[in-house]
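Enquirer: generate coordinates for the sequence data below:
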Amino acid sequence: MLIRSEYPPVPVATEPFHETLRNALRKHMDSENETAFVCAETNTEISFKTIHDLSYAVASFLHKNNFHKDVACMVMPNHWVWAPFFLGVAMNGGALSGINIASSEGQFNFTKFME
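Expert: Have a look, this model is predicted:
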């Protein structure tokens, strides 16, 4: 049985996803203090400009360390810093994967997969 959506087709993206996100950041950072996230632990407000600047810092660090078109793995709880790490990795052509912070040492041992 063929199922058809009642909604119109979604347009095909014409730019990479990280470019779409960066453009959205730029659009919202006209005011230097416009809030993007609020840290649940500290109630600190994080601005769109902070996310933008940290994304470039991560991208620069990765580029200087020859990271390009690779997969980065991040081990941490859900937190606002995921956004700049994702963008920094994507700006270098990479992908970001997460692993549960409660994983065992054996689950962190990726060398066994490289042999």
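Enquirer: the strand or helix carrying Thr20 packs against which elements?
Expert: Element membership for Thr20, per DSSP states H and E: helix 17-28. Helix 17-28 is packed against helix 48-64, helix 82-90, with contacts defined by 3 or more CB pairs under 8 Å, 6 or more residues apart in numbering; DSSP states H and E. For the C-beta atoms, the positions are set from N, CA and C on the backbone; glycine is no exception.
Enquirer: buried sites along that helix?
Expert: For helix 17-28, the neighbour count (16 or more other CB atoms under 10 Å) marks 18, 21-22, 25, 28 as buried.
Enquirer: out of those, which is nearest to Leu96?
Expert: Using CB to CB, His18 is the member of the buried residues of helix 17-28 that lies nearest Leu96, at 10.3 Å.
Enquirer: would you agree that closest one is in contact with Leu87?
Expert: Yes: between His18 and Leu87 there is a contact under CB atoms under 8 Å: 5.5 Å.
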